[in-house]
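Chemist: generate coordinates for the sequence data below:
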Amino acid sequence: MFDSSNLFDVVCVGNIVADVIVRTVDSLPPKGTLIYKDSIDLYSGGCAMSSSVDLAILGAKSAIIAKIGGDSFGEFLKNVLVKNSVDITGLKISEYPTSASVALIDSNSERTFLHCPGSNAYFTDNDIDWDIVGNSKIVFTAGMLIMPGFDGKPCADVLKKSREMGKITALDTAWDSTNRWMKKLEPCMQYIDFFMPSVEEAEKLSGETEHKKIADIFFDMGVKHVVIKLGKNGCYLRETKAGEGRYFPTYGNVKPADTTGAGDSFCAGFLFGLSRGYSLDECCRIGNAVGSHCVMKTGATAGIVPFGQIQEFMRENKRYLHE
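Modeler: Numbering: from 1, shown residues only. From the prediction side, this is the model:
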């Protein structure tokens with residue numbers, strides 16, 4: 001299916017963030033006062049960052065194309081990438097500070113973010129290292145709709161050229177607080193082989209709530225395959241507009257510690273399977289299993305394990321799937 005001479009299985013293009021995670025936060029203190037919290041920790045985050053690290057831990061050869069600042073957060077993120085054997089040739093240094101978020105985790109493990117776009121806001125198609133793209137099997141653009149210099153036509157141009165170079169393209173969105181949604185994403189749709197939004201994002205993008213109708217809209221805009229992430233309910237796959245959609249449940253015995261990065265880890269698992277030639281059904285199952293591992297620990301990548309352990313988990317926990 002793929003040219004075995006490619007250096008990288010997947011190159012992840014998009015946002016990279018330093019995540020300060022605070023737990024447990026069910027309410028904020030009154031102004032001018034102080035309350036104690038269980039923990040305050042620094043983790044790597046951002047869709048492209050998390051997916052590239054997850055892929056490397058699973059056993060894939062991954063690379064990242066992104067932008068950081070020349071500051072302590074940027075140095076921290078670079079060190080995490082190097083430690084996990086992600087290729088950082090495409091990591092650009094910006095004059096602007098590294099993007100950062102403060103994630104407030106409540107007692108139900110749900111999170112609320114405070115976010116500074118930083119250098120991500122200045123990432124553009126001019127930052128793409130085409131040698132890395134040329135040496136990759138899959139080009140995964142991650143974190144779209146929160147990168148104003150890359151959203152819209154610049155992203156579409158990258159996807160188009162990647163397709164022309166014979167690469168498989170995949171794209172995942174982020175929550176668009178500016179409410180532009182499809183106005184920005186529309187130019188990209190015709191160049192996407194695997195469109196992988198969350199169900200909340202898919203509903204906003206399509207204006208529909210029924211999964212079949214959502215997928216129909218995406219197909220009509222040129223997407224080749226649709227994968228909708230359903231959180232604790234697993235995922236929905238529709239290969240073509242003429243085909244029927246299929247649901248893949250996830251594991252009912254996993255108690256979430258932190259849902260940060262769950263969607264990115266699903267994408268990493270799915271794309272890992274794709275890079276190894278698994279069927280799309282199996283890619284969905286692998287994605288669900290990797291996503292389940294993500295939520296077991298605090299942080300976007302802390303729970304990810306090598307693929308052999310993912311396979312063992314899938315065999316041993318098949319009975320816990322929500323059928």
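
Chemist: how far out from the middle of the chain is the helix-or-strand element of the chain with minimal mean pLDDT?
Modeler: Every helix and strand of the chain was ranked by mean pLDDT, DSSP states H and E. The lowest is strand 111-116, at a mean of 83. Relative to the mean C-alpha coordinate of its chain, strand 111-116 is positioned 16 Å out (CA atoms, centre = their mean, to the nearest Å).

Chemist: in that strand, what counts as buried?
Modeler: Buried residues in strand 111-116, counting neighbours by 16 or more other CB atoms under 10 Å, are found at 111, 115-116. In short, each C-beta sits where N, CA and C put it, glycine included.

Chemist: please enumerate the helices of the stretch 201-323 of the chain.
Modeler: 211-220, 262-275, 280-295, 307-316 (DSSP state H, counting those that start in this stretch).

Chemist: buried set for the last one?
Modeler: When burial is assessed from 16+ other CB under 10 Å, helix 307-316 yields the following buried residues: 307, 310, 313-314.

Chemist: check stretch 287-303 too.
Modeler: Going by neighbour count (16+ other CB under 10 Å), the buried part of stretch 287-303 is 287-295, 298-303.

Chemist: same check on stretch 197-216?
Modeler: Quick answer for stretch 197-216 (16+ other CB under 10 Å): 197-199, 201-206, 211, 214-216.

Chemist: cool, and stretch 70-86?
Modeler: Applying 16+ other CB under 10 Å to stretch 70-86 flags 71, 73-74, 77-78, 80-81, 84, 86 as buried.

Chemist: state the pair within those that is farthest apart.
Modeler: Greatest spacing in the buried residues of stretch 70-86, by CB to CB: Asp71 and Asn84 (20.6 Å).

Chemist: for the nearest residue in space to Ala66 that is not next to it in sequence, give me its contacts.
Modeler: The shortest distance from Ala66 to any non-neighbouring residue, by CB to CB, 6 or more residues apart in numbering, is to Ile16 (4.1 Å). Applying CB atoms under 8 Å, 6 or more residues apart in numbering, we find Ile16 in contact with 44-46, 48-49, 64, 66-68, 77, 91, 98-99, 120.

Chemist: now swap in Gly152 and tell me
Modeler: Residues near Gly152 by CB under 8 Å, 6+ apart: 184-185, 187-188.

Chemist: show me where the stretch 51-200 of the chain has its helices.
Modeler: Here the stretch 51-200 of the chain has its helices, by DSSP H, counting those that start in this stretch, at 72-83, 130-134, 153-164, 182-189, 199-206.

Chemist: contacts only, for the residue most central in space within the chain.
Modeler: Closest to where the C-alpha atoms of the chain average out (CA atoms, centre = their mean) is Asp264, at 2.9 Å. The neighbours of Asp264, taking CB under 8 Å, 6+ apart as the test, are 47, 50-51, 54, 142, 172, 294, 300.

Chemist: so what's the residue count around Tyr247?
Modeler: 15 (other CB atoms under 10 Å).

Chemist: which residues sit in contact with it?
Modeler: Counted by CB under 8 Å, 6+ apart, Tyr247 has contacts 230, 233-237.

Chemist: please redo it, this time with the cut-off set to 7 Å
Modeler: With contact set as CB atoms under 7 Å, 6 or more residues apart in numbering, Tyr247 has these partners: 234, 236.

Chemist: so how far is Val290 from it?
Modeler: Per CB to CB, to the nearest Å, Tyr247 is found 18 Å from Val290.

Chemist: before we move on, what about Glu239?
Modeler: The value you get for Glu239 to Val290, if CB to CB is used, is 21 Å.

Chemist: now swap in Lys160 and tell me
Modeler: Look at Lys160 and Val290: by CB to CB, they are 29 Å apart.

Chemist: repeat that for Arg111.
Modeler: Counting by CB to CB, the gap from Arg111 to Val290 is 19 Å.

Chemist: again, but for Lys204
Modeler: Separation of Lys204 from Val290 (CB to CB): 25 Å.

Chemist: ok, Phe73 next?
Modeler: 26 Å.

Chemist: below-threshold pLDDT in the stretch 1-150 of the chain: ranges please.
Modeler: 1-6 (pLDDT under 70).

Chemist: let's see it at 80
Modeler: For the stretch 1-150 of the chain, applying pLDDT under 80 flags the ranges 1-6, 109-111.
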